[in-house]
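>>> structure of the sequence below:
(chains A, B, C and D)
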There are 2 protein chains.
Amino acid sequence: MKKTKTERQRLLKETIEYTPFITDEELAKIFEVSIQTIRLDRMELQIPELRERIKSVAKLQWNEQVRALAVEDIIGEVVDLELDNRAISIFDVQKEHVFSQKNIARGHHLFAQANSLAVAVINDELALTATANISFTRQVKEGERVIAKASVEGKTDKGLTIVKVDSFVHEEPVFSGEFHMFRSTDD
Amino acid sequence: MKKTKTERQRLLKETIEYTPFITDEELAKIFEVSIQTIRLDRMELQIPELRERIKSVAKLQWNEQVRALAVEDIIGEVVDLELDNRAISIFDVQKEHVFSQKNIARGHHLFAQANSLAVAVINDELALTATANISFTRQVKEGERVIAKASVEGKTDKGLTIVKVDSFVHEEPVFSGEFHMFRSTDD
DNA sequence: ATTACTTTTAGTACCAAGTCTTAATATTTA
DNA sequence: TAAATATTAAGACTTGGTACTAAAAGTAAT
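The predicted structure is shown next:
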């Protein structure tokens, strides 16, 4: 039995949301109505045509890509950097960084900020973390801004560069870590 | 002065890669040649037409979106889990996880896998990492599969749950860490 | 300069997936 | 049964192309 108009439109909306790459012709077959009906439905529901739908999805992706390029190797924004000495980065905790239940930032984001800052501060084409000793001092909530400060502290007996990173929210310590970094060239 | 054919085609390729949402007509204006020339160029360079380009970008985005939903709270796929005892997860290192220069995985991804596994193994609505002592044993390359094994080892004198996580690529240790976890409820 | 070859432009027919408009049927409801 | 609502049909036009043919322009070689 054919559905009613409202029911069909409800399903139509769902279908297009779920599989946006579908033509009016295919939709017409699915709902056993004419192409024209589908087009009237789209008009009423304000759903744009296939090509526009594809385009908007593509634009989203494009923005994502651009964003990804900017972030690339560093988590958080580096605001101060003196190679082989010190560096500072800021990181705003957003929805995607917190546990879906409570709004507390997942530890690995704080670690990622500190770790990538430790990598960045080292004057070497390829610095890698060998060991790290870290502690999470207090929970960080969504919306808070974390300031990470890194300082190069010399070398271990094995020749690894020691970088200390302390992170704060409003002067209050939230994370601290000591990173022992491997570098590919001696300076 | 108009450029040579090869030069124009080189620039054309770049332009399209940089701004894929551009029509032949616009390209023709930019390079001051006819539409047909642009089309010949695209043929020779095997560059598909605008709509196909948009479509492929959109499909990428679509896949990303689906993938992002699945990952959510845990980095890597948990393949074994016995609460408050042990857990195993696998994590495939892909292009987006490695340094753009060399293809070595960035440390924070290995940490993220281990840390989220440590969170997952704890039988608590909200477990948080208090401190961690970690070391990166060997570099992990793009394409390698990292197996992380977590085991709960008891409590510290301060009541933090100790979780040891060791990660391997083909039995070979690549990462190991001891996490001290805070839990909101006593069991 | 003439021939030969490459490069560029032009023009036609066609396609997909639409829009926009007008008009003719169904189907439902008061 | 008449009026209102819903559906289908048909035609003209749009964008951004493909495929193909042909002519013109530019460049190089003999």
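>>> pLDDT-wise, which helix or strand of chain A ranks last?
The least trusted helix or strand in chain A, going by mean pLDDT, DSSP states H and E, turns out to be helix A:50-71, with a mean of 61.
>>> in chain A, which spans are strands?
A:77-82, A:86-92, A:127-136, A:145-155, A:161-169, A:172-183 (DSSP state E).
>>> of these, which shows the lowest average pLDDT?
When the strands of chain A are compared by mean pLDDT, strand A:77-82 comes last with a mean of 70.
>>> the closest residue to A:Phe111 other than its chain neighbours: neighbouring residues, count only.
Among residues not flanking A:Phe111 along the chain, B:Phe111 sits closest, at 5.3 Å (Cβ to Cβ, 6 or more residues apart in numbering or on different chains). Glycine gets a C-beta too; all of them are placed from N, C-alpha and C. By other Cβ atoms under 10 Å in any protein chain shown, 26 other residues sit near B:Phe111.
>>> tell me, what's the model's pLDDT at B:Phe111?
87.
>>> still on that earlier bit, looking at the strands of chain A, which is nearest to A:Pro20?
With Cβ to Cβ as the criterion, A:Pro20 lies closest to strand A:86-92 of these, at 31.0 Å.
>>> any idea of the angle that closest one forms with strand A:145-155?
Angle, strand A:86-92 to strand A:145-155, by axes from the mean of the first three to the mean of the last three Cα atoms, to 10 degrees: 160 degrees.
>>> what sits against A:Ala130?
Contacts of A:Ala130 were listed using Cβ atoms under 8 Å, 6 or more residues apart in numbering or on different chains, and they are A:Leu160, A:His180, A:Met181, A:Phe182, B:Ser135, B:Phe136.
>>> give the contact list for the third one.
Contacts here follow Cβ under 8 Å, 6+ apart; on that basis A:Met181 touches A:Ala118, A:Val119, A:Ile122, A:Ala127, A:Leu128, A:Thr129, A:Ala130, A:Leu160, A:Thr161, A:Ile162, A:Val163.
>>> what's the answer for the fourth one, then?
Residues counted as contacts of A:Phe182 (Cβ under 8 Å, 6+ apart) are A:Ala127, A:Leu128, A:Thr129, A:Ala130, A:Leu160, A:Thr161.
>>> would you turn those residues into TSV with distance to B:Phe175?
Formatted as TSV, the contacts of A:Phe182 follow (distance: Cβ to Cβ, whole Å):
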residue	distance to B:Phe175
A:Ala127	17
A:Leu128	12
A:Thr129	10
A:Ala130	11
A:Leu160	16
A:Thr161	19
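>>> most neighbours among the residues you listed, please name it.
Of the contacts of A:Phe182, with other Cβ under 10 Å as the count, A:Thr129 tops at 26 neighbours.
>>> surely that one meets A:Ala118?
Yes. A:Thr129 is within contact range of A:Ala118, at 6.7 Å (criterion: Cβ atoms under 8 Å).
>>> shared neighbours of those two, anything?
Common neighbours of A:Thr129 and A:Ala118, using Cβ under 8 Å, 6+ apart, are A:Phe179, A:Met181.
>>> burial count for A:Val93?
Based on other Cβ under 10 Å, the number of other residues close to A:Val93 is 22.
>>> then A:Glu178?
A:Glu178: 16 neighbours (other Cβ under 10 Å).
>>> show me what contacts it?
Listed by Cβ under 8 Å, 6+ apart, the contact set of A:Glu178 reads A:Ala132, A:Asn133, A:Ile134, A:Ile162, A:Val163, A:Lys164, A:Val165.
>>> one step back: can you put the contacts of A:Ala130 in a markdown table and add distance to DNA strand D?
Shown next, in a markdown table, are those (distance: Cβ to the nearest atom of the strand, whole Å):
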| residue | distance to DNA strand D |
| --- | --- |
| A:Leu160 | 54 |
| A:His180 | 54 |
| A:Met181 | 49 |
| A:Phe182 | 49 |
| B:Ser135 | 53 |
| B:Phe136 | 48 |
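>>> can you list those residues in JSON lines and add distance to A:Glu44?
As requested, the contacts of A:Ala130 are exported to JSON lines (distance: Cβ to Cβ, whole Å):
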{"residue": "A:Leu160", "distance to A:Glu44": "66"}
{"residue": "A:His180", "distance to A:Glu44": "64"}
{"residue": "A:Met181", "distance to A:Glu44": "61"}
{"residue": "A:Phe182", "distance to A:Glu44": "63"}
{"residue": "B:Ser135", "distance to A:Glu44": "62"}
{"residue": "B:Phe136", "distance to A:Glu44": "58"}
